[in-house]
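Colleague: curious how this folds, go ahead:
(chains A and B)
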2 protein chains.
Amino acid sequence: MTQPLPELHIGVLGAGTVGSQVIRILNEQAEDFAARAGARMTVSGILVRDLNATRDAAIDPQLLTTDPHEVICGKDILIELIGGIEPARSFVLEALHQGISVVTGNKALLAAHGPELYSVAAASGADLYYEAAVAGAVPVVYGLRESLAGERITKIVGIVNGTTNFILDAMATKAVSYAEALKQAQELGFAEADPSADVEGLDAAAKCAILASLAFHTRVSISDVEVEGITKITAEDMSEAALSQRTIKLLAIAERRIGEDGVEGVAMRVHPALVPLDSPLASVDGAFNAIVIEGEYAGRLMFSGQGAGGAPTASAVLSDLVAAAHHRVYGGHAPRESVYAHLPILDSGSTQTRYQIRMVVEDRQGVLSDVAGIFARHGVSIHSVHQRNEEIPGTCIIVATTHLAREADLKAVVTALASSEVVREVASAIRVEEE
Amino acid sequence: MTQPLPELHIGVLGAGTVGSQVIRILNEQAEDFAARAGARMTVSGILVRDLNATRDAAIDPQLLTTDPHEVICGKDILIELIGGIEPARSFVLEALHQGISVVTGNKALLAAHGPELYSVAAASGADLYYEAAVAGAVPVVYGLRESLAGERITKIVGIVNGTTNFILDAMATKAVSYAEALKQAQELGFAEADPSADVEGLDAAAKCAILASLAFHTRVSISDVEVEGITKITAEDMSEAALSQRTIKLLAIAERRIGEDGVEGVAMRVHPALVPLDSPLASVDGAFNAIVIEGEYAGRLMFSGQGAGGAPTASAVLSDLVAAAHHRVYGGHAPRESVYAHLPILDSGSTQTRYQIRMVVEDRQGVLSDVAGIFARHGVSIHSVHQRNEEIPGTCIIVATTHLAREADLKAVVTALASSEVVREVASAIRVEEE
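Modeller: Predicted coordinates:
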């Protein structure tokens, strides 16, 4: 005779798209989950804002409550899906202090208060899992926390925000403006009514900070990430990109490198970038996510998949739940905050990158020489330059692509060009990422 | 004052390319590994065949021995890198029986004796890790064993053998014959002198069995995998593939589906297949590996990276080592063999697939009708057909691509075509995988 499996009680904060899917899948596949976790998992409390607004057939109305403490108290594992910093932070801390393991998809909370949560979890012996915080069901948090624990990671380049990828993809494939693409994304539910956290790059920056902390064993906060969103990308930028066999993607980049003072550090940045059409990142379509991880021994690894949506996010939450349940029954614990490298954050001005600068200039003899002189005076070397006539009489367009140069020098070039008397307008300055 | 870290003793069986890299990296980054594992890891015994043949500067000659029991006895963790079934199996069992955790990259051993090893490990409380057995540093074993524990996996499609991918890639990009591509692979060290395990698909089949066991929670052995290698693929097949915007890849496919008797089961197959040039698998170049995992909630996930080589394989071994060391010090254990679904193995004849059949036929009125009749009589529907003249007078070429049909019916069509009087020769019959 086999022993009956132990029973674990699960509290769920939030019964929205993800929460209700988690509860439904747990009910439907109770036998499978019991076999995988080595324990029966019973949802025995669900926090909602309004008892009458939640009418999901998969959810037993008896389990609903508006009292968070009722959901937290006495549980083995808490699933936090309400998002935002407060009151999520307080609820998660309340659970961790009581030794209750927490599974969350809250990237804002992790990016802002990760160290605090980690330290309370370690002190009470609870687990803290957050696979759903980055790239939906793509197991990149697991990858960095556990699967690649033997690797010395040197760089991460990711498309980690589905909203902006959908918008840029629409601009590239349908030749629509940024405003039109954003409108389509909102109509299809890929962008929120207030899209600023996505389009300004802040969501990607939070994810970048989480990934960099894990990869480089160094505490990184969202304020350490240099951020530029996609709001200034125009239809002309996208058609210009196509002319050079490239497309524009919003990239989150975290790298370990030697700083200008000779000391190794880390640098994080989120910005739109021109990537070659034949690169793996260029073919990441729509709301998909992809993360390239470069390691000293493993070489270049890529993980990709759906970055958002109820079902993929529920999948990530459920995987974390199985791990937390297994630990509760059989011992062991989730990896603690692995901060031992304490690498300095490098000055973003010292980052080596490339720019493609498109400008409207006076159509007269010697203008190219004047423009090239501005690059040269800032120590920036030009890789290629194209000049063509434009509809505005008396002007032409120059598109200059640089070699690798210091970000600070490139920015200085853009400023100098903008104030030069031969340049009427710097139409765009977009980074080029080809490595 | 912080406590000194506990020390763990590591035995290594085999000091070849991978083993010597593992030892070198462990020495060079001892502090990093101690921080990640929460323990100092000391290599204190290395099995070699010939004491005098091993002269790696990273390896202390005092640690070398030709006595396996000396390497195993008293260790905390054993790394097995000698490959093959015996004596590897005996050594691994000896360690597991003593409660020593084992990290191995031995896919043949896992595919043939996985259940035995798992059960001995579970009984003694030891860990059994084998990330390096499939796809080098690409963490797909971790992915299936742990990161995706909340997911119901429905299908896996992978390029899991670097040798055959290198050969097919060379045939596609350099228009060389199979024999020439194999020779190049051998000269560059991507194929062994006896390449049969790779080119006949057996290596891919072992990996397919390992992945399917993990994904479907069902014991699968290599003999359950239908296997066809790449030795019959010709330069003509490759140029024909290019005509329809496809290329040929050796795919390992494992899927869960409802069998013809209405009962859910699993089916595994390894064979060359035509894949569209714009699919993610088509762009997996050279010796790279890629695995697409489809889940009911997660959707389609893809993992890719270097599938072989000393450094990537060492990276996978070291990640496993960190996990095993962490468990030894802080409790917990590697996932046990998770076999609870016990799905039946489906008859390969019932698999739904598509064929592209290229044949040399008599150049006379009505031949296409005769050929089409053969398909129809076996219940196979034609998706497209192209007819063209060929250099041999009196003949022409017909290339027919089918809709999805039963594998058994497709094979029957090929047999019937080959014996038909209007068909001079069935030049090739290659599966098409487009989903």
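
Colleague: in the lengthiest helix in chain A, what's buried?
Modeller: As assigned by DSSP state H, the longest helix anywhere in chain A is helix A:310-330. Using 16 or more other C-beta atoms under 10 Å in any protein chain shown as the test for burial, helix A:310-330 gives A:310-328, A:330. C-beta here means a position set from N, CA and C on the backbone, and glycine is covered the same way.

Colleague: next, see if that helix gets close to chain B.
Modeller: Yes - Helix A:310-330 is in contact with chain B by C-beta under 8 Å from any C-beta of the partner chain, via A:311-312, A:314-323, A:326-327, A:330.

Colleague: for that helix, packing partners?
Modeller: Contact here means 3 or more C-beta pairs under 8 Å, 6 or more residues apart in numbering or on different chains; DSSP states H and E; on that basis helix A:310-330 packs against strand A:7-13, helix A:17-28, helix A:30-37, strand A:77-80, strand A:101-104, strand A:128-129.

Colleague: so which of the ones you listed is nearest B:A252?
Modeller: Closest to B:A252 of these is helix A:30-37 (C-beta to C-beta; 23.7 Å).

Colleague: list the buried residues of the closest one.
Modeller: Using 16+ other C-beta under 10 Å as the test for burial, helix A:30-37 gives A:32-37.

Colleague: let me know whether it sits next to chain B.
Modeller: Yes - Helix A:30-37 reaches chain B (C-beta under 8 Å from any C-beta) through A:32-33, A:35-37.

Colleague: so who does the nearest residue to A:R406 once chain neighbours are set aside touch?
Modeller: Closest residue to A:R406 apart from its sequence neighbours, by C-beta to C-beta, 6 or more residues apart in numbering or on different chains: A:S350 at 6.0 Å. Contacts for A:S350 (C-beta atoms under 8 Å, 6 or more residues apart in numbering or on different chains) come out as A:259-260, A:267, A:406-408.

Colleague: for A:S350, give me phi and psi.
Modeller: phi -90, psi 0 (degrees, to the nearest 10).

Colleague: got a pLDDT number for A:M1?
Modeller: Note for A:M1: predicted pLDDT of 44.

Colleague: ok, whichever residue of the stretch 101-250 of chain A sits closest to chain B - contacts?
Modeller: Proximity of the stretch 101-250 of chain A to chain B (C-beta to the nearest C-beta) peaks at A:G150, 2.6 Å away. Going by C-beta under 8 Å, 6+ apart, A:G150 touches A:297, B:25, B:33, B:314-322.

Colleague: what's around the residue of chain A found nearest chain B, how many residues?
Modeller: Using C-beta to the nearest C-beta, the closest approach of chain A to chain B is made by A:G332 at 1.6 Å. By the measure other C-beta atoms under 10 Å in any protein chain shown, the count of residues near A:G332 is 17.

Colleague: ok, now A:P393?
Modeller: Count around A:P393 with other C-beta under 10 Å applied: 7.

Colleague: likewise for A:S244?
Modeller: 16.

Colleague: these two touch, right, it and A:V275?
Modeller: No - using C-beta atoms under 8 Å, A:S244 is not in contact with A:V275; the gap is 10.9 Å.

Colleague: overlap of the contact sets of those two?
Modeller: With contacts taken as C-beta under 8 Å, 6+ apart, A:S244 and A:V275 have no neighbour in common.

Colleague: and the strands in the stretch 201-350 of chain A, which stretches?
Modeller: Secondary structure of the stretch 201-350 of chain A by DSSP state E, counting those that start in this stretch: the strands cover A:225-227, A:246-258, A:264-276, A:288-295, A:299-306.
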